[in-house]
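Chemist: build the 3D model from these lines:
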Amino acid sequence: MAIAVHPAPQLEEPSPDDGPGVAARRARRRGRGVGDRSPVGLSWGLILPSIIVVAIVSIFPIVYAINLSLHDTRYMEVGEFNDFAHFLQIFTTAEGLGQIARSFVYVIGSLLIAVPLSLGLANLLNQQVRGRRIFRVLILMPWVVSQTVAALLWKWLVNPDYGPLGLGDLPFGRLDFLANPVLAMVLLIVVNVWISYPLATILCLASLQTIPEELREAAEVDGAGPFRRFMQVTLPLMKPTLFVVAIQLTLLYFNMVTLVYTLTGGGPLDGTNVLSLAAFKQSFEFFNLGLGAAYSVVLFAFNILFGAAYIRLLRSERND
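Modeler: Residues are numbered from 1 along each chain as shown. The predicted structure follows:
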């Protein structure tokens with residue numbers, strides 16, 4: 001039986017005139033096998049399923065909500081184009097402007113309390129004191145309570161008839177938090193801070209523990225007291241974390257529905273009827289999906305604007 005003998009492939013010798021780039025390309029062509037795949041194609045093949053899932057879960061609902069907001073939509077029946085009537089109702093009527101104003105009061109008021117409180121508690125938990133672990137558990141306990149349970153708990157606490165904090169027998173009269181619009185907003189901010197400060201405290205504590213102790217000791221050697229060490233050493237190094245905390249809390253507060261709905265229901269006299277609650281009620285109580293979608297789009301726009309503003313501030317701080 002004859003055996004066919006094939007000549008060995010001739011390797012192309014590099015020319016002396018070829019540069020290093022030409023020689024490298026020839027070497028890659030010689031080493032490329034039949035089963036090789038382009039790294040770019042492989043990368044796209046790996047991330048394409050994730051892109052499709054993100055598009056379905058995130059992008060499609062946004063586009064669909066925008067489409068609903070631009071049409072007279074009730075009970076899932078999309079009507080005719082409404083000439084931006086829903087957005088005009090939000091931004092030109094007293095009801096819509098009041099909801100926007102109350103949303104900012106609610107968010108800003110909560111931030112002004114939650115961020116300093118979390119920073120102070122994080123500094124306290126960072127100290128080497130006896131019983132620190134027990135104190136840490138007590139401080140972080142509200143984090144495990146759901147928004148519904150927290151709202152019902154605080155409604156019982158401030159009940160003027162039988163609640164421990166009802167304050168129904170004051171000399172100047174009865175103090176009913178859920179019957180006065182201003183007091184209801186104050187209560188909503190307090191409860192909101194109560195359920196959200198543990199997350200901010202953990203983030204601040206993690207940032208504090210990354211600061212080298214040598215920096216504080218050097219400042220103490222230079223004669224700086226506790227307050228000065230905090231202002232000149234600790235706070236500047238924690239600014240990026242504080243910006244992240246502010247971003248997370250802002251987005252959380254703007255989109256809060258369960259707590260507001262369970263605690264006050266938007267009342268009394270619409271005193272706590274914020275944008276997120278209005279979007280929920282218009283969509284699932286009044287079945288006006290077009291107007292509810294418009295509220296959702298406005299909330300989404302506010303989230304994007306505030307997130308972009310915080311990121312810009314964070315980048316400017318890093319550049320400085």
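Chemist: could you pull out the buried residues of the one helix or strand L314 maps to?
Modeler: In the assignment (DSSP states H and E), L314 maps to helix 289-319. Of all the residues in helix 289-319, those buried under the rule 16 or more other Cβ atoms under 10 Å are 289-300, 302, 306, 310, 314. Every C-beta, even on glycine, is put in place using the N, C-alpha and C of the backbone.
Chemist: pLDDT of stretch 241-252, averaged?
Modeler: Throughout stretch 241-252, pLDDT has a mean value of 91.
Chemist: pLDDT score for R28?
Modeler: Among the per-residue scores, R28 holds a pLDDT of 54.
Chemist: which segments of the chain make up each domain?
Modeler: The record's domain parsing of the chain by automatic domain parsing lists 41-81, 94-319.
Chemist: now the helix holding L314, how far from the chain's geometric center?
Modeler: Centroid separation for helix 289-319 versus its chain: 10 Å, with Cα atoms, centre = their mean, to the nearest Å.
Chemist: repeat for stretch 135-153
Modeler: In terms of Cα atoms, centre = their mean, the gap separating the centre of stretch 135-153 from the centre of its chain is 19 Å.
Chemist: just the CA atoms of that stretch, as CSV, please.
Modeler: Only the C-alpha atoms of stretch 135-153 are listed here, as CSV (Å, rounded to 0.1, in the frame of the first residue of the first chain):
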residue,chain,number,x,y,z
PHE,A,135,-25.1,49.2,70.4
ARG,A,136,-24.4,48.5,66.7
VAL,A,137,-27.2,45.9,66.6
LEU,A,138,-29.6,48.3,68.2
ILE,A,139,-28.8,51.1,65.8
LEU,A,140,-29.1,48.9,62.8
MET,A,141,-32.4,47.2,63.9
PRO,A,142,-34.8,49.4,62.0
TRP,A,143,-33.2,48.2,58.8
VAL,A,144,-34.8,44.8,59.1
VAL,A,145,-38.3,46.3,59.5
SER,A,146,-40.4,46.5,56.4
GLN,A,147,-42.0,49.8,55.3
THR,A,148,-45.5,48.5,56.0
VAL,A,149,-44.7,47.3,59.5
ALA,A,150,-42.8,50.6,60.3
ALA,A,151,-45.8,52.7,59.1
LEU,A,152,-48.3,50.7,61.2
LEU,A,153,-45.9,50.8,64.2
